[in-house]
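In: generate a structure from the sequence data that follows.
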Amino acid sequence: MSAKNETEVIIGGRTYTLSGYESEEYLQKVAAYINGKISDFKKSDVYRRQTLDMQAVMIELNIADDYFKAKKTADGLETDMDGRDKEIYDLKHELISAQLKLDAANQEIEQLKAEIAENQRTIVRLETELDNLK
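Out: I've put the predicted structure just below:
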């Protein structure tokens, strides 16, 4: 397990110490995301007129909404990926089946070529025997 990282971040003008197993850059990125949300909301008159508790709930709801939309997108992409994996699996099986059929056809061609060569030798032999009988 990797070491726990601690880093100081600024969220909403206040300094917090975050710790976790993620990198310091990741923790800073999380703080920057939250600061972006706060900044977006602060542009709204409706937000500024709310109590601090209501402001926090509005931001939390917005972050939760972003999370669920991202999760829905990720789930959709995972479903697409699973479908493509199955399609690739099916195509590989089709390719193997086609390769086996091709190998069998090539083997049959070689057998038929050998048969033709044998038949040609038989024809030549019979023609020679016919010529000798004349």
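In: which non-adjacent residue is nearest L18?
Out: Excluding the flanking residues, the one nearest L18 by Cβ to Cβ, 6 or more residues apart in numbering is L27, at 4.7 Å. Yep, even glycine has a C-beta here, placed from its N, CA and C like the rest.
In: hmm, who's touching the helix or strand hosting the one you found?
Out: Secondary structure assignment for L27, by DSSP states H and E: helix 24-42. With Cβ atoms under 8 Å, 6 or more residues apart in numbering as the contact definition, helix 24-42 has outside contacts at 5, 7, 9-12, 16, 18, 20, 47-48, 55, 58-59, 62-63.
In: output it as PDB, restricted to C-alpha atoms.
Out: Only the C-alpha atoms of helix 24-42 are listed here, as PDB (Å, rounded to 0.1, in the frame of the first residue of the first chain):
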ATOM      1  CA  GLU A  24      -0.800  15.800  -3.700                       C
ATOM      2  CA  GLU A  25      -1.700  16.900  -7.200                       C
ATOM      3  CA  TYR A  26      -4.900  14.900  -7.100                       C
ATOM      4  CA  LEU A  27      -5.900  16.500  -3.700                       C
ATOM      5  CA  GLN A  28      -5.200  19.900  -5.100                       C
ATOM      6  CA  LYS A  29      -7.300  19.100  -8.200                       C
ATOM      7  CA  VAL A  30     -10.200  18.100  -5.900                       C
ATOM      8  CA  ALA A  31      -9.900  21.400  -4.000                       C
ATOM      9  CA  ALA A  32      -9.700  23.400  -7.300                       C
ATOM     10  CA  TYR A  33     -12.900  21.600  -8.400                       C
ATOM     11  CA  ILE A  34     -14.700  22.600  -5.300                       C
ATOM     12  CA  ASN A  35     -13.400  26.200  -5.500                       C
ATOM     13  CA  GLY A  36     -14.700  26.300  -9.100                       C
ATOM     14  CA  LYS A  37     -18.100  25.300  -7.900                       C
ATOM     15  CA  ILE A  38     -18.100  27.900  -5.100                       C
ATOM     16  CA  SER A  39     -16.900  30.600  -7.600                       C
ATOM     17  CA  ASP A  40     -19.700  29.700 -10.000                       C
ATOM     18  CA  PHE A  41     -22.300  29.900  -7.300                       C
ATOM     19  CA  LYS A  42     -21.000  33.200  -5.900                       C
END
